[in-house]
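> Let's see this in three dimensions:
(chains A, B, C and D)
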There are 2 protein chains.
Amino acid sequence: MPTVSSEELAAAAGVNSAKLRKDFSYLGSYGTRGVGYDVEYLVYQISRELGLTQDWPVVIVGIGNLGAALANYGGFASRGFRVAALIDADPAMAGKPVAGIPVQHTDELESIITDNGVSIGVIATPAGAAQQVCDRLVAAGVTSILNFAPTVLTVPDGVDVRKVDLSIELQILAFHEQRKAGEEAAADTAAAPAAARRRSAATDQGPDGDVPAVMPA
Amino acid sequence: MPTVSSEELAAAAGVNSAKLRKDFSYLGSYGTRGVGYDVEYLVYQISRELGLTQDWPVVIVGIGNLGAALANYGGFASRGFRVAALIDADPAMAGKPVAGIPVQHTDELESIITDNGVSIGVIATPAGAAQQVCDRLVAAGVTSILNFAPTVLTVPDGVDVRKVDLSIELQILAFHEQRKAGEEAAADTAAAPAAARRRSAATDQGPDGDVPAVMPA
DNA sequence: ATGTCTTTGTGAACGCGTGCACAAAGATTG
DNA sequence: CAATCTTTGTGCACGCGTTCACAAAGACAT
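Model prediction:
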């Protein structure tokens, strides 16, 4: 039986092993003392807890470059996501296949949601159309929305929205880049902000580094 | 002189006013007691601290759907980013304009970086090509990389990498969605994990909600 | 079967960020 | 010019998550 110790996993993930064990314990996932965790069982348990074993039909609204990129993105299927439909407001797009899936017109939005039992919608429309699309999705029964449009969406209670701003990540990189440059010839600002100095040196690639609490939208 | 109080800003941003004032104090940004912050000066100061006043030339490597979407993304220019070049390995793409910028062949990569003084690179290639592209970017002088390919990149010290996984946000939504469903008919799992219960009820749309520390790559 | 060794699970302490609360500062009014 | 009012800047305490450290548990060897 292949196993892993919390120490090995922690080293690989770059986190503390105690934290990892404690997290696992929340999942009720029991390892074997003196041995570690059964890999297969662990994977199954985490997958189920995260919802990876379920089938999540999603619709993508707004099939421009970004919508098409998302439709083609391979990472979805392996995570339990199934692109149930592609929706666009342009009648010329209707019927045209993208990533093997025919694009449907916005008129069909409500029936698609209902018929497929879709609870997760992805908005990749221009900013101007986002709120309107959002409202229709919610009215049709969608309770989770992933928003790529540069707008803050207003939704009723019980609906989750996550906003992805592609330029924010770039901005964070530029922020660090600026600090790199500033350290060599630091005759620019009066004093480098304490908040900036606080940054850890860990090589994390996740969207969790230290970021000022307030950033312009 | 138009001003804002920390209280107004905090309400708008959905954060605590004391935290906001403390953050501003790190920036050395002095408001006026009894009045608030001079809006214009505040904007200028934050912009400069964040690097928004600088010109950041970036290159995008891999002009598929996603690369094209990024090239067309309007939010970059307003944040001080300038797409200096689009690079693709496909010779058939060379010269073809995307978002008004002619695509150049990978052979030109090094000279483009050098000639334009590019320090930030965006990788939107397939997973297989990402590390190789990354190595060439770094060798040519790039010190910050935004990676959209589903691979963890290995870089030397001093180089920043931020990985954007488009499916992770969906996965987080699905996780919450699963919990919503589980609460209605909670006869599924033995006991819902404490970690999941910890979630706050705030309606934040940012990529900062509570997320398990360890997630499969 | 007993002892040793490894690794888990977790109670307790530590550290850090957030929020409270207030003194200091400046504007404003009488 | 004094009194009052508003809002900043910040010391301090609270709370929460992370980390330490160790007892309990099971495997494995003798």
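> give me the element residue A:22 is part of.
helix A:17-26 (DSSP states H and E).
> Which strands or helices does that helix pack on?
With contacts taken as 3 or more C-beta pairs under 8 Å, 6 or more residues apart in numbering or on different chains; DSSP states H and E, helix A:17-26 sits against helix A:6-13, helix B:194-197. Placement of C-beta: from N, CA and C, glycine included.
> shouldn't residue A:153 be in contact with residue A:131?
Yes - counting by C-beta atoms under 8 Å, residue A:153 does reach residue A:131; the two are 6.0 Å apart.
> ok, is the helix or strand following the helix holding residue A:22 in contact with DNA strand D or not?
Next in sequence after helix A:17-26, counting helices and strands by DSSP H and E, comes strand A:37-38. No - Strand A:37-38 is not in contact with DNA strand D by C-beta under 7 Å from any atom of the strand; minimum separation 11.0 Å.
> after strand A:37-38 comes which helix or strand?
Following strand A:37-38 in sequence, per DSSP H and E, is helix A:39-50.
> what's the spacing between that next one and its chain's center?
Relative to its parent chain, helix A:39-50 has a centroid offset of 20 Å by C-alpha atoms, centre = their mean, to the nearest Å.
> Output the longest strand belonging to chain A.
strand A:81-88 (DSSP state E).
> now what about that one, what contacts it?
A:55-63, A:67, A:71, A:76, A:94, A:98-99, A:101-106, A:108-109, A:112, A:116, A:118, A:120, B:167, B:170, B:174 (C-beta atoms under 8 Å, 6 or more residues apart in numbering or on different chains).
> Against residue B:71, how distant is residue A:65?
In this structure, residue A:65 and residue B:71 are 8 Å apart, going by C-beta to C-beta, to the nearest Å.
> Regarding the closest residue to residue A:154 other than its chain neighbours, what is its secondary structure?
In space, residue A:154 comes closest to residue A:131 once its chain neighbours are excluded; the distance is 6.8 Å by C-beta to C-beta, 6 or more residues apart in numbering or on different chains. Per DSSP: H, G, I helix; E, B strand; the rest coil, the local secondary structure of residue A:131 is helix.
> who touches residue A:55 in this structure?
Here residue A:55 is in contact with A:80, A:82 (C-beta under 8 Å, 6+ apart).
> Revised request: answer the last question for residue A:106.
A:61, A:87, A:88, A:89, A:133.
> Now a ChimeraX select for only the buried ones of the residues you listed.
To isolate the buried members of those in ChimeraX, using 16 or more other C-beta atoms under 10 Å in any protein chain shown:
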select /A:61,87,88,89,133
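> quick one: which two of the contacts of residue A:106 are the most distant?
Comparing all pairs in the contacts of residue A:106 by C-beta to C-beta, the longest separation belongs to A:88 and A:133, at 10.5 Å.
> Return the residues of chain A in contact with DNA strand D.
A:15, A:16, A:18, A:19, A:22, A:32, A:33, A:34, A:35.
> can you tell me the average pLDDT over the longest helix seen in chain A?
Under DSSP state H, the helix in chain A containing the largest number of residues is helix A:166-184. Helix A:166-184 comes out with an average pLDDT of 82.
> same check, this time on stretch A:131-146
Stretch A:131-146 carries an average pLDDT of 97.
> Can I get it in PDB, CA atoms only?
Taking Å, rounded to 0.1, in the frame of the first residue of the first chain, the C-alpha atoms of stretch A:131-146 are listed here in PDB:
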ATOM      1  CA  GLN A 131     -24.700  42.800 -14.800                       C
ATOM      2  CA  GLN A 132     -27.600  42.100 -17.100                       C
ATOM      3  CA  VAL A 133     -26.400  38.600 -17.900                       C
ATOM      4  CA  CYS A 134     -25.700  38.000 -14.200                       C
ATOM      5  CA  ASP A 135     -29.300  39.000 -13.400                       C
ATOM      6  CA  ARG A 136     -30.700  36.600 -15.900                       C
ATOM      7  CA  LEU A 137     -28.400  33.800 -14.700                       C
ATOM      8  CA  VAL A 138     -29.500  34.300 -11.200                       C
ATOM      9  CA  ALA A 139     -33.200  34.500 -12.100                       C
ATOM     10  CA  ALA A 140     -32.800  31.200 -13.900                       C
ATOM     11  CA  GLY A 141     -31.400  29.500 -10.900                       C
ATOM     12  CA  VAL A 142     -27.600  29.900 -11.000                       C
ATOM     13  CA  THR A 143     -26.200  30.400  -7.500                       C
ATOM     14  CA  SER A 144     -22.500  30.700  -8.300                       C
ATOM     15  CA  ILE A 145     -20.900  33.100 -10.800                       C
ATOM     16  CA  LEU A 146     -17.300  33.400 -12.000                       C
END
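> can you list the residues that contact it?
A:59, A:61-62, A:106, A:109-110, A:113-114, A:118-123, A:125, A:147, A:151, A:153-156, A:158-162, A:164, B:169-170, B:173-174, B:176-177, B:180.
> ok, now stretch A:152-167?
Under C-beta under 8 Å, 6+ apart, the answer for stretch A:152-167 is A:123, A:130-131, A:134, A:138, A:142-148, A:150, A:217, B:70, B:73, B:75-76, B:79, B:81, B:164, B:166, B:169, B:172-173, B:176-177, B:180, B:203, B:205-207, B:209.
> Can you pull up the residues of chain A that come close to DNA strand C?
Checking chain A against DNA strand C by C-beta under 7 Å from any atom of the strand, the hits are A:4-7, A:17-18, A:21-22, A:24-25, A:29-37, A:198, A:213.
> Filter those residues down to the buried ones, PyMOL style.
One line in PyMOL is enough to select the buried ones among these; burial here means 16+ other C-beta under 10 Å:
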select buried, chain A and resi 4+6+21+24+29+31+36+37+213
